[in-house]
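*Asks:* Sharing a sequence plus its predicted fold:
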Amino acid sequence: MKHFFTTALLCLVMAVGAYAQRTVAGKVTDKAGEPLIGASVTVKNTKVGTITDINGMFSVKVQDNSAVLVVSYTGYSSQEVAVGSSSTLNVVLGENEQLIDEVVVIGYGKQIRSTLTGNIAKLTNENVKGMPVVSVEQAMQGQAAGVNIESVNGKVGAAARVRVRGVGSINAGTEPLFVVDGIPLAKDARNTFGAAMNPLADLNFNDIESIEVLKDASAKAIYGSRGSNGVVLITTKSGRSGKSQIELDMQYGFSKPTRKREFLNSSEYVELFTEAANNSDDLEGVAYDESYSWTTFVKNRFRRYSGYNDDWMQGIDKTNWQDEAFQDASIYNTQLSLSGGTDKVRYYVSANAGFNEGILVGNHLSKDGARMNLDFDATDKLKVGVNLAVTRTDTRTVSDDNAFSTPMQLVALAPITPLRDEDGLLYDRPVTTYYNGLIDVEDATRKVFSNRTLANAYGDYSFTENLALRVEAAANLYNVRDEARFGERTDTGNDSKGYGQSVFAGATDYNTNAVLRWNKAFDSHDLGLDLGTEYFKSTNNRTSVQGEQFPSDGLKTLASAAVITGGTSSEDNYSFLSYFGRARYNFDRKYLFNASARIDGSSRFGANERYAFFPAFSAGWVVSEEGFLADNSVVSFLKARASWGQSGNADIGNFRALGLYSPGSYNGSSVFSPQQIANPDLTWEKSTELNFGIDWGMFNNRISGEIDYYIKNTNNLLQEVPIPSTTGFSTQWRNIGELENRGWEFTINSNNLVGAFKWTTSFNIALNKNKVLSLADGQDIIDNGGSRYLNVVKVGQPIGVFYGAEYAGVDPQNGDALWFVNEEGGDEAATTNDYSEANFVVLGSPLPDVIGGIGNTFSWNGLTLDVRFQGVAGNQIHRAGDIFMSCNACWFDNQTRDQLDRWQNPGDITDVPEARLGYSNGDIGRSSRYMSDGSYLRLKNVTLAYDLPANLIKGVRSLRLYATATNLLTFTRYDGWDPEVTTDFLANNTTYGVDFYSAPQPKTIIGGIRVGF
Amino acid sequence: MKKVKYLLLSGFLFSVVACDKQLDIEPLQSVSETVALDSDANVKLVLQGAYDNISRDGLYGGNLFRDAELAGADGEIRWVGTFGDPRDITNHTMDAGNNDAENTWRTAYVAINTANNVLSALSIVNESDRARVEGEARFIRAIAHFELVRLFGKPYVAGATNSQLGVPVVTTPTRGVTSDSYVSRNTVEEVYQAVHDDLHEALDLLPEENDVFANKYTAAAMLARLHLARGEYSEALTEAEAVIGSGAYSLVSDYADLWNQDDNTEEAIFSMQVSNQDGANELVTFFSIPEYGGRDGDIEIEQKHISLYDASDARLAMFYEGNGALRTGKWRDQYKNIPVIRLAEMYLIAAECKARLGQSADEYYNAVHTRAGLSAKTGVTLADVLLERRLELAFEGHRIHDVKRLKGSVDGLIRFRPANWKPIRTSFRITAIN
C-alpha cells in the first residue's frame, strides 16, 4: 500500500509540479542519521509532493515562505516543517512516537491510524523482539488491550490460548484467525501424541515488523466467517533501500520454575499417614496391632515404599520428588539478519537458531529457520514480491498432565522412597507408590519433528493513479513427524516388550486473493473502494504406524518391532471461497465513513446454508479537526467512532453437516456403520458486534490513548445437541444458543519525559463480561465435569463457570468435612457432612474480569530499562490435582505441607478435615474446597540494555548489551504452583483455570549482545 | 501495456466468478449415507457393520456380560477396580448418569438402526442373497431389543399380560430428527413379541451355514433363550433340541479348550470375533490382570463362588491366582473370541425344560455334567440343572437374568429390582430437550 501511495504521489508530482515557485531541497534521516529512502514529502494543503531518493534526498517546489512540508514514512511519525526562508531542510523522523499518525495494517490493506473507524491494536517488532519465549503470542502477552493470552502450562512448545474480547464460542473455535503476510495460519492442533503443539512457534517473531489485532466488527468483518474471534495480522519485515545492514543477536540464559509447592518430608509423611491409619482403625473399632488393621497396613506400605526395609523409621528424606520433576533449563538463541536494497529491489534475509530447554525434566525444543523477503519494482506500475520462510522445530515432549508418566506427577511419590536401587536402576512400583515418570525420561523418547514453509508472492499493478490491483498467492506447507518409543521399563512399553509409534502428518494450505483498489480524492472528499475475492483450501493428511516387541531398547525405529499392531492413514480437506468489498469516504478529514461486506462459502457448511453474508458499517468524527478545537493547547487529537457489524465463526470442524457412514472392520473385513446424522442446515456461528470508541491525544500527542466499549453477541452457537439414543445416534450438530461478551478497553501511551532522560509509559486494561444467554431449548447447563472437575456451561453465567458443592470447612466436634446444603429457599447456613446432600451452586468464574499490562521504558545516554507488568484479576482457579495431594492423607500420595493443619482434637478450628486413610473425608473434586483466587500481577519482562555510542568501533554500526528477565516476580494469592494455568489434557473451549499437576511457568533470565554492521 | 492491463482485469473478473464446485468436498474417511446404501456390496458392508456394532464394548464386546455378572454378584465376585460406574452396578446404587448403562443402551440402538438401514435397502441386494441378508439384519435387530428389554425392562412374568413398560421397539432407520424420533416405551409383552417375530422370520430366512455370522441355528438358539425367559418350556425345548439335533455343533471335550480361542470352537453357536486388529474384549480388560493385557484385576472371584463346585469339578481348573486374588481363566487372554451362545447352554435349556415338564433331564444334564469330569447322575432334579447352569455358564453374562427369571435374590434384595436400573430415565431425559 505504501508503494501504491508513493506511485500515486509521483503521478501527482508530474501533474501539478508546474505551478511551483521555488525549490526546497533536503535530506530525511532517522535518528541514527541513516537516510530514509522513499519517505514522502508533501507541501501541506496542496497536492505537491515527492519522495526521497536512495540517499534520503528530496527536492520539492513551494509557493512561498509560508509553505509547510509534511514528511512521512511508514513506521515513523510524520513531521510538519515550516519552510521559511531556507532552501535546504534536514528532517529527522522519530520512530512511532506519535501513534496517532502511524500506519496500521488492516484486512487487505493499510490505513493511517487517525482515519480508522474500527478498533485495531498494534504491536511492533520492538514489543516482541528478543523475548526469551518460543512463540509470538507469548511475547505479546499483556501488551494489547482486550487480548487475553494464557499459557496452559510451563511446558516448552505448548500452545498459548489467545482470546480476543472474551471467549466467543462453546464448541467451535475460540482462537483468533492468524494471518501471516496474507496466509491464514490455522492454529489447530496438528500434532499427534498428546497436547497441542503450537504452529505459531514455527514463526521467528524477530522477523516481525508489526502485529495488528483486529478487534471490532468494522475491522474484522472483512474476514467474514473467520473473523468473529478477532484477526491477528502479522506482517514480516521488508527491506528498505539503502546500504546493507547486518544485525547479529545472540542470547544465552536459563530458566527455573516460578514457584514450587511445599510437600511433606519423611518424618511428616510417616507421622501423618500413621495418624490417618490410626483414625481409620478407631472409626472401625479395630486395634492398631491387629494384622488387618489400617495401622499394620500402613506400616507395611512404609516398608514397601522404603524399598522393603525399615529406613522409614529413621526420618531420612530419601528423595525430593518435586525437585526431580524439574531440570536446570538453559536457553540460547542466535539471530542474524541482513537487509537493504537498491532503488528497485529491497530485501530482508534472516536466519535464526535456538535451543530452549523446558523446566520439566526431559522437555526441550530446538528451532532453526530462515526467511527471505524480496520486493521488486518491475516497472513504474508493477511491483512484485516474494516472502519465503522455512522453519524446523524439534521438540522433546512430555506426557499430558493426567498421565502418571508426566514429570509433575512425581510429586505424588513418597519422600521415604529412594530414587534408585543398588544397581542404579530407578525404582518403580511396587516400591514407588505409582509409576515413576523418570523412567520415561530415561527409557522413552518422544520427539516431534516439524518443518514448515510459509511462502507467498504478490504482484501489485497500478492501472492509473486511482486504480490498482493486487494479487497474492500463498502456501503454508507443514509436515510433522512424531516419533515415540517407549522402552521395556516404561509404563507404556512394559507389557509389550517396548512400544513404538511413528506418525507422519502433513498440511498444505493454499490461499489466493485478488483485490482491486480504487481511490479518489478531490476537494475535501476522499473516496476509496476495494473489491476482492479469495480462495482458500486446506489439505490435511496423517499416516501412522504402531509396533510392539522390540529386541532392545536401543533400537528406536519400528523396523525393529516384531509385531506391527496398527497402521492407518487419513485425509481431511476443507475450502473457502469468498467475495468481499469495502467502501470508504472521508470528508474534510473530519467525517469518516466505512462499510464492508463479505460473502463466504465453505465446504464446512450444510447444503442449505452454503454461503454467508457479513456486513459492517462504521463512522468516525475527528472532533479535533473542528474549528473550536483547532488551536486547543491541551487537546491535540480527538476522534469519536462507532461501528456495527457481523462476522462469523466457521471453525466448526469438517463434514459435520453430512449424514455419514464410517468404515470399520469386523472379523478381519471392512464394514460400514452409521457415524453421524445429517444436518443440512448446519452453518457458521454468527457474531454481531457494536463498538464505540474515542481516540485522544493531548499536549501535541505526547499522551494519547483509546477508550472502547463493545457488545458482542454470538448466536447460532454450534452445539452437539443430545437426541434420543433410540435413533441410533446420541447427538446432532446444530446451530443453537447464544452468548455475549461486553466490555471496556483503555489504552494510554505517554512520553512522560522527552529530554536526555526519556521515560515512556504504555498502559492497557480491559474489562470483559462473558455470559451464556441460551443453550438448546430447555437446556440450562452443559456439565461434563463428572466427579472431579468444576467447569460447566450454564445459562446466565460465564463460559466454564465453576459449579459444584460449596465447602463449609470442618466440623470442630468430629473433624468431618462439611458442605453447605444450599437448598433453594432453605437455611443458608445449613451444612452437611454427606456430600450427596449438598446441592450444586455456582462457585466462581475461571475467566478474569480484568486483564491488563503496563510498560515503562527509561532511557538515558544509551542505557535503556524496560519494565513491563502483566496481570489478570477476578478469576478463580480450581486445584483439581489437590484431591490427591491435599486430601488429608486419604491415600498414599505425598501431601502438601498445609495438610499438617488437619483436625486432630475436638474443638480444633481448621479447614483441613481429620486424616482418615482409605476414607473420603472432604477429598471431593467437585467442591469449592480446592478453589483459589487466581488473580496475579506479574513482572513479565525486565530488560536492561546498554547501547554503545554509534561508530565507537570502526565498522560496527551499533552494539547493544542487554539482560532480560521474564516472569521474574509474581504477586498472587494462588496456593498452587502458578496462577497462569489450564491443564493441557482438558484445555478446551469451556475449561479454564484448572490446575492438575500442571507445570508452572518458567522464570527466565538471559543475557545478550546485538551487533549491527 | 494496455494488454497487460486487460489481461489482469479479466483475470480478476474471472476469479470473481470462480466456480463454487470448489466447495463440494467429500470426506475421505467416511461415506455419505446415500453412498453406503446404493449397491449390493455396500449394503452388505453395512450388514457387517451391524455385527461390528454388537461387538462393541457396550454389548457383546464385554460390558453387557460383565454388568450382568456384577449386578448378580451376590458376594461371589467382587468389583475392586477404580471405576465408579461398575461399582455402582455391583452395589445396586446406580444413578441416572451411569455411563456404562448408557453405553449399553446407546450401542444396542446403534445396532438396531444399522439393521433397520439394511432392511430398508433390501431391494438393492442381489436376489440370491436377499433372504440371508434380511435374516441376519432381523436377527441382530431382535437380539439387540432382547438384551435391552431383559436388562432395562421389568421382568417378564410368565402367563401374565406383561403390560409393564419395556423399551422402545424401533423398526425404521433414522434419517433425520423429527417429532417421530421421540418414541415411547413399548410394554414388555410388545418387545418380547417383536423379538419373537424377528427371530422367527430370521429362522425361516437364514441358511444352515453362514461362516461366523448368524445362521438358522443361531436364530433357533436365541429363540430357545427367549422361550425359556417367557416360561414357554415346550417351545424352548423344541428349539434347543433342534440345535442339538442338527449335528452342526458338538461339545468340546476339554472345558478349558472353550476359552481364549482365536477361532470359534465346534461348540460355539455364535461368537464375537476378536483379534488384535478388530473387535473388543472388555471381559479380559476387567476380569484379567495386566500380565495378560487386563486392567488392574478389577474383578476378583470369591470363595463363595468356588465353594459351589464339587472338588473334582474340572471347571475349577479355570481359576487362577493373579495379582493377589482368584481370577477366572475364561477371560484371561486379550484379543480372543467371546462366545455369546454355545451348545452347552442348549443342553442346559433342554434339561431345564425337561425337568420342568416332568420328563427326565438326565441325558442333557449329564452331557454337560460329565464333560466337567464328574460322574453321571440319574434322577436329575430341576435344582441340579439350575446349579449346573450356574457353574457351567458362570461369568458369561447370564447371572442377573437367571436371578430375575428364577425370582432369586442378590445381596439380600428379595429379587433384583429393575428400578435400580435408572438409565432408562437417562436416555429419556433428553426428550425434554427440543
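*Replies:* Arrived safely, thanks for sending.

*Asks:* Show me which residues of the stretch 201-350 of chain B sit near chain A.
*Replies:* B:212, B:273, B:275, B:276, B:277, B:278, B:279, B:290, B:291, B:293 (C-beta under 8 Å from any C-beta of the partner chain). The C-beta positions use only the backbone N, C-alpha and C, and glycine is treated the same way.

*Asks:* Write a PyMOL command that selects only the buried members of those residues.
*Replies:* In PyMOL, this line selects whichever of these come out buried by 16 or more other C-beta atoms under 10 Å in any protein chain shown:
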select buried, chain B and resi 212+273+278+279+293
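
*Asks:* Not counting its neighbours along the chain, what's nearest residue A:971?
*Replies:* Nearest non-adjacent residue to residue A:971, counting by C-beta to C-beta, 6 or more residues apart in numbering or on different chains: residue A:937, 4.5 Å away.

*Asks:* export the residues of the stretch 201-350 of chain B next to chain A to CSV and tack on secondary structure, distance to residue B:347 and pLDDT?
*Replies:* As requested, those are arranged in CSV below (DSSP: H, G, I helix; E, B strand; the rest coil; distance: C-beta to C-beta, whole Å; pLDDT from 0 to 100):
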residue, secondary structure, distance to residue B:347, pLDDT
B:212, strand, 22, 94
B:273, coil, 24, 95
B:275, coil, 29, 90
B:276, coil, 33, 84
B:277, coil, 33, 80
B:278, coil, 31, 84
B:279, coil, 27, 85
B:290, helix, 36, 84
B:291, helix, 34, 84
B:293, coil, 32, 85
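
*Asks:* How about stretch B:321-328, which residues are buried there?
*Replies:* Within stretch B:321-328, the residues scored as buried using 16+ other C-beta under 10 Å are B:322, B:327, B:328.

*Asks:* Tell me if stretch A:875-893 is near chain B.
*Replies:* No: judged by C-beta under 8 Å from any C-beta, stretch A:875-893 stays clear of chain B, getting no closer than 11.0 Å.

*Asks:* burial count for the residue in the stretch 901-1013 of chain A that chain B sits nearest to?
*Replies:* Taking C-beta to the nearest C-beta, chain B has its nearest neighbour within the stretch 901-1013 of chain A at residue A:920, 11.9 Å off. Summarising burial for residue A:920: neighbours were counted as other C-beta atoms under 10 Å in any protein chain shown, giving 14.

*Asks:* ranges for the strands of the stretch 451-600 of chain A?
*Replies:* Applying DSSP state E, counting those that start in this stretch to the stretch 451-600 of chain A gives strands spanning A:467-486, A:499-522, A:525-548, A:563-587, A:591-602.

*Asks:* same for the shortest one, what does it pack against?
*Replies:* When you say that, I think you mean strand A:591-602. With contacts taken as 3 or more C-beta pairs under 8 Å, 6 or more residues apart in numbering or on different chains; DSSP states H and E, strand A:591-602 sits against strand A:563-587, strand A:611-622, strand A:635-649.

*Asks:* For that strand, output the C-alpha coordinates as CSV.
*Replies:* Taking Å, rounded to 0.1, in the frame of the first residue of the first chain, the C-alpha atoms of strand A:591-602 are listed here in CSV:
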residue,chain,number,x,y,z
TYR,A,591,-16.1,12.8,9.0
LEU,A,592,-15.1,9.3,8.3
PHE,A,593,-17.3,6.5,6.9
ASN,A,594,-16.6,2.9,6.2
ALA,A,595,-18.6,0.0,5.0
SER,A,596,-17.6,-3.5,4.2
ALA,A,597,-19.2,-6.8,3.2
ARG,A,598,-18.0,-10.3,2.6
ILE,A,599,-19.7,-13.4,1.3
ASP,A,600,-18.1,-16.6,2.4
GLY,A,601,-18.9,-20.1,1.0
SER,A,602,-17.4,-23.1,2.8
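
*Asks:* which SSE is the closest residue to residue A:180 other than its chain neighbours in?
*Replies:* In space, and not counting its chain neighbours, residue A:180 is closest to residue A:234: 4.6 Å by C-beta to C-beta, 6+ apart. Residue A:234 belongs to strand A:231-236 when elements are defined using DSSP states H and E.

*Asks:* pLDDT weak spots in the chain?
*Replies:* Using chain A. Along chain A, the parts satisfying pLDDT under 70 run over A:1-20, A:74-75, A:95-101, A:187-197.

*Asks:* wrong one, chain B
*Replies:* Residue ranges of chain B with pLDDT under 70: B:1-20, B:95-97, B:411-434.

*Asks:* so what's the residue nearest the centre of chain B closest to, chain neighbours aside?
*Replies:* Nearest to the geometric centre of chain B sits residue B:60, at 4.0 Å (C-alpha atoms, centre = their mean). Among residues not flanking residue B:60 along the chain, residue B:272 sits closest, at 4.7 Å (C-beta to C-beta, 6+ apart).

*Asks:* That neighbour: neighbour count?
*Replies:* When neighbours are counted by other C-beta under 10 Å, residue B:272 comes out with 26.

*Asks:* pretty sure it contacts residue B:61?
*Replies:* Yes: if you go by C-beta atoms under 8 Å, residue B:272 and residue B:61 touch, sitting 6.5 Å apart.

*Asks:* Mutual contacts of those two, please.
*Replies:* Jointly contacting residue B:272 and residue B:61 under the rule C-beta atoms under 8 Å, 6 or more residues apart in numbering or on different chains are B:55, B:279, B:281, B:338.

*Asks:* show me what contacts the second one?
*Replies:* The contact partners of residue B:279, taken as C-beta under 8 Å, 6+ apart, are A:666, A:667, B:55, B:61, B:272, B:273, B:335, B:337.

*Asks:* Hmm, residue A:224 and residue A:648 touching each other?
*Replies:* Yes: using C-beta under 8 Å, residue A:648 is in contact with residue A:224, at 6.1 Å.

*Asks:* Show me whatever sits in contact with both of those two.
*Replies:* Taking C-beta under 8 Å, 6+ apart as the contact rule, residue A:648 and residue A:224 both touch A:600, A:612, A:614.

*Asks:* most surrounded residue in those?
*Replies:* Taking other C-beta under 10 Å as the neighbour criterion, residue A:614 ranks highest of those with 29 neighbours.
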